[in-house]
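**Student:** Give me coordinates for this.
(chains A and B)
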There are 2 protein chains.
Amino acid sequence: METNQATAAKPSSAPVSNVAILGFGTVGSSVARILMNHPSGRFRLTHVYNRDYKRKKVDWISDEQVSWTDDFKKIIDSDVDMVVEVMGGLNPTRDFVAQALSAGKSVVTANKQLIAHHGTELMQLAAKHGKQLLFGASVAGGIPVLSGLQEGLAGDRLYKINGILNGTCNYILSQIEQVGMPFATALEHAQQLGFAEANASDDIDGFDARAKLAILSLMGLRTHVHPNQIPCHSIRKCEVVDFLYARDLACTIRQISRAEVKDHKLSASVQPALVPLDSPLARVSGSQNLVVATGEWGGDTVFSGHGAGGNPTAVAVVSDLIAIAEGRVSEGHCQPIADAAEVTGDFTAQHYLRFTVKDKPGILFELTRIFKEHDLNVDSVLQKPGYAKTALPFAVILEPCLASQVELALKDFDSLDFLVQSAVSMPMLG
Amino acid sequence: METNQATAAKPSSAPVSNVAILGFGTVGSSVARILMNHPSGRFRLTHVYNRDYKRKKVDWISDEQVSWTDDFKKIIDSDVDMVVEVMGGLNPTRDFVAQALSAGKSVVTANKQLIAHHGTELMQLAAKHGKQLLFGASVAGGIPVLSGLQEGLAGDRLYKINGILNGTCNYILSQIEQVGMPFATALEHAQQLGFAEANASDDIDGFDARAKLAILSLMGLRTHVHPNQIPCHSIRKCEVVDFLYARDLACTIRQISRAEVKDHKLSASVQPALVPLDSPLARVSGSQNLVVATGEWGGDTVFSGHGAGGNPTAVAVVSDLIAIAEGRVSEGHCQPIADAAEVTGDFTAQHYLRFTVKDKPGILFELTRIFKEHDLNVDSVLQKPGYAKTALPFAVILEPCLASQVELALKDFDSLDFLVQSAVSMPMLG
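**Tutor:** Numbering: from 1, shown residues only, chains lettered A, B, ... in the order given. Predicted structure coming up:
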């Protein structure tokens, strides 16, 4: 490797900042590599913290330039100006970040759970010490969406965000759609290829995406919400037949994270939804991410690209380091952000319901009776041929209604003896 | 209208800046409206400059708050802090902007021709006076692509930009494709609907897009190029049959602006090109804009949204005003930018050639003879049935080669007596 600090161009006489990296995994090593080669030449990597660091050492970082340590206190006591936290998790990172800020070091982190859970508290701590806490890499990896929302669209008043924030879900749903494999098989494939972890619940059930959505709400909609307040629905229930019916409706199915603020009331959810094929949300392929921000004056703006991966995430980290070095952080970034007065997962939308039944006469009569009781209007019924009478799937499309109305009706359906499994319900985006 | 300054929230004790707007057309009046309603509350619109301003006055701007004038000197002599230039054109705007900067006022402009032709000179003037010149609205209207490239992706080293930068062309090409109308009819429709001007050459022939590409090259690739150095090819030659053949190749046709820098050598062009249907460039609908930036570390990042229109453009202008007010302008913005050591329109790509011939034996033999003389390899030949023998269109796909090689061969084709019109040549993006 020819990567060393001597080759980095130094175009200006700007002061050089000392940087420590916490966690030398994929992202950490990529940050190190970029810092050593970046044309700005204004950073000097001086410390790498990692447990059991000896097994992490690489030949392209010389011991003369960089101190490796497993003792965080050494970094606190050093002349490090900025700390990059790419260890992940809440513990001990929350404590490390707080210590670094209190010691007068700015922090850049890629840790979405840390920011979603403790972001406001840590930003206040940063403000108290006159330092910065930036986290552009915590949402959608290499896509500069947080700076885009806060700075590029500062002139607008944003009120809605829709996104595809989890590449694993997008990959699995694409596989079900394109290859026609069942959910369980698609998940196994994703795990074998390293696109999903052994315990994939965080991705599949929406907890990863909702942490990111909480951050987007914080920085884009200026509304604080705890991730646990955002309802999540798993993509586990999506099957091949749902994609076939979706296609008949000129739609596909995606895990959609969405948040909308009105009068300090936040509507937010993470769930599989039908999206029109001509929407940018339908066109996100593989593990890419996409965010659509909607503003009062400017309408829709779309950001998309690589949502994860060592290099794109590392670019976002280094961009934040540069923003701090140049004193270019938005004032809004540190200003207090209001808590959402109310958080709900309730949106008005058309709904897709898929029932799997043991066929017998009178099924539609029973279903429509319950819809009527709940003031739900049926728009259309779709039934594809070729399925066994003992497990016959068909779809009902409801006219626009609140998700909560549909949920109440679904409870009544559970008592029906002809249902082979619980009904699957998904909103349809307009 | 209930829009007045009293209603604008004032969240912080930040100083209020006085703003003058030059040009009260669609964008200018939209900027005024946003300034009067924006939650930042840190701007006071004090002056509007327009020739014959009396016919421009509106009832939602009171004469007590704002001075209207057709005398630019009054603005220079006033306590205005920031000037918004949304008049367009080079004259007298170049002089006005220079005067404003020299008088210690920062300038925000949406004027692509001004920046493409005189941007570096005016940025130097701004730096000399310690003021700012921002122009986020000059490219792709409301899409925060310039700040995205300069700040959001500051951590990367960008080397390539591909974009759809002209909404008029995109609209016309979409019409030819979807409705199957000839180019001339599609242009007329666009003119009737107000999507194209009476003299549409600026859009159709690529001059509008290349001014924007020059700005993207300046700010994204840090390479200065005069717009006149960028070769343009018109979309006038694109016909329905080209879209039919493109579809057989799983492609569509778009006006593509592209620039790539390597060792200070810039390859740049604006031209119609075949783009794969699964590329984000193929999916830009109607008058939307899209930019794909490619970096050494982060790969592709996509920005898209409304490329024009009063409100999205005004959002970009106000975002720039906020950046200046917060002192948040990238240092790189004012640093000297290298001239391209060499500018060429030559890229290596597969090429699509469409010949329209009066059918007779031996045509393919003649064509392949010329290809062979120019070292061009034929990948495939496509010929759709149903056309008159007197004007038979067919397509030849060439293996990857330089555009300049194809142009040389095209000159030889001109002497062939069976050609009913000159061959149409377009590169195919990978």
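**Student:** rest of the way, CA atoms for contacts and neighbours
**Tutor:** Fine.
**Student:** got the residues of the stretch 1-150 of chain A near chain B?
**Tutor:** A:34, A:38, A:39, A:142, A:143, A:144, A:145, A:147, A:148 (C-alpha under 8 Å from any C-alpha of the partner chain).
**Student:** Just give me the least confident of the residues you listed.
**Tutor:** In terms of pLDDT, residue A:39 ranks lowest among the residues of the stretch 1-150 of chain A next to chain B, with 68.
**Student:** Name the SS class of residue A:46, please.
**Tutor:** strand (DSSP: H, G, I helix; E, B strand; the rest coil).
**Student:** Do I have it right that it meets residue A:19?
**Tutor:** Yes - Residue A:46 is within contact range of residue A:19, at 5.8 Å (criterion: C-alpha atoms under 8 Å).
**Student:** shared neighbours, the two?
**Tutor:** residue A:80 (C-alpha atoms under 8 Å, 6 or more residues apart in numbering or on different chains).
**Student:** would you list the residues of the stretch 1-150 of chain A next to chain B in a markdown table and tack on secondary structure and neighbour count?
**Tutor:** Shown next, in a markdown table, are the residues of the stretch 1-150 of chain A next to chain B (DSSP: H, G, I helix; E, B strand; the rest coil; neighbours: other C-alpha atoms under 10 Å in any protein chain shown):
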| residue | secondary structure | neighbour count |
| --- | --- | --- |
| A:34 | helix | 22 |
| A:38 | coil | 21 |
| A:39 | coil | 16 |
| A:142 | coil | 34 |
| A:143 | coil | 33 |
| A:144 | coil | 33 |
| A:145 | helix | 29 |
| A:147 | helix | 28 |
| A:148 | helix | 25 |
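**Student:** ok, residues contacting the helix or strand of chain A with the lowest mean pLDDT?
**Tutor:** Within chain A, no helix or strand scores below strand A:338-339, which has a mean of 81 by mean pLDDT, DSSP states H and E. Outside strand A:338-339, the residues that touch it by C-alpha under 8 Å, 6+ apart are A:222, A:223, A:224, A:225, A:264.
**Student:** Show me which residues of the stretch 301-430 of chain A sit near chain B.
**Tutor:** A:301-306, A:311-320, A:322-323, A:326-331.
**Student:** next one: phi and psi at residue A:247?
**Tutor:** Main-chain dihedrals, residue A:247, degrees, to the nearest 10: phi -60, psi -40.
**Student:** Nearest to chain B: which residue in the stretch 51-200 of chain A?
**Tutor:** Ranked by C-alpha to the nearest C-alpha, the top residue of the stretch 51-200 of chain A for proximity to chain B is residue A:155, at 4.1 Å.
**Student:** hang on, that residue is in a strand, isn't it?
**Tutor:** No - assessed with three-state DSSP, residue A:155 is coil; it does not lie in a strand.
**Student:** Tell me the gap between the least confident helix or strand of chain A and the middle of its chain.
**Tutor:** On the basis of C-alpha atoms, centre = their mean, to the nearest Å, strand A:338-339 sits 21 Å off its chain's mean C-alpha point.
**Student:** Ok, stretch A:295-310 next?
**Tutor:** On C-alpha atoms, centre = their mean, the centre of stretch A:295-310 falls 12 Å from that of its chain.
**Student:** what do you get for stretch A:107-127?
**Tutor:** Worked out by C-alpha atoms, centre = their mean, stretch A:107-127 lies 16 Å from the chain centre.
**Student:** Sort out which residues of that stretch are buried, please.
**Tutor:** A:107-117, A:119-120, A:122-126 (16 or more other C-alpha atoms under 10 Å in any protein chain shown).
**Student:** just stretch A:399-409 next, same as before
**Tutor:** A:399, A:400, A:401, A:402, A:403, A:406, A:409.
**Student:** What's the mean pLDDT across it?
**Tutor:** pLDDT averaged over stretch A:399-409 gives 95.
**Student:** So which residues make contact with that stretch?
**Tutor:** With C-alpha under 8 Å, 6+ apart as the criterion, stretch A:399-409 contacts A:345-351, A:370-371, A:374, A:376-379, A:427.
**Student:** Buried ones among those residues?
**Tutor:** Judged by 16+ other C-alpha under 10 Å, buried ones among those: A:345, A:346, A:347, A:349, A:350, A:351, A:370, A:371, A:376, A:378, A:427.
**Student:** Which of these fall in helices?
**Tutor:** A:370, A:371 (DSSP state H).
**Student:** separation between the residue of chain A most remote from its centre and residue B:220?
**Tutor:** In chain A, the greatest distance from the average C-alpha position (C-alpha atoms, centre = their mean) is reached by residue A:361, at 44.9 Å. According to C-alpha to C-alpha, to the nearest Å, residue A:361 stands 66 Å off from residue B:220.
**Student:** now do residue A:222
**Tutor:** Residue A:222 is 29 Å from residue B:220, by C-alpha to C-alpha.
**Student:** Where do the helices of chain A begin and end?
**Tutor:** Going by DSSP H, chain A shows helices at A:26-37, A:72-76, A:93-102, A:112-128, A:145-147, A:167-179, A:183-192, A:201-204, A:207-220, A:240-248, A:310-325, A:363-373, A:403-413.
**Student:** distance between stretch A:144-160 and the chain's centre?
**Tutor:** With C-alpha atoms, centre = their mean, you get 17 Å for stretch A:144-160.
**Student:** Between the two ends of it, how far is it?
**Tutor:** End-to-end distance (C-alpha to C-alpha), stretch A:144-160: 18 Å.
**Student:** Stretch A:190-201 now?
**Tutor:** So stretch A:190-201: terminal residues 13 Å apart, C-alpha to C-alpha.
**Student:** same deal with stretch A:344-352?
**Tutor:** Across stretch A:344-352, first to last residue, C-alpha to C-alpha, it's 20 Å.
**Student:** Give me the residues contacting that stretch.
**Tutor:** A:229-231, A:265-269, A:274, A:395-404, A:425-430.
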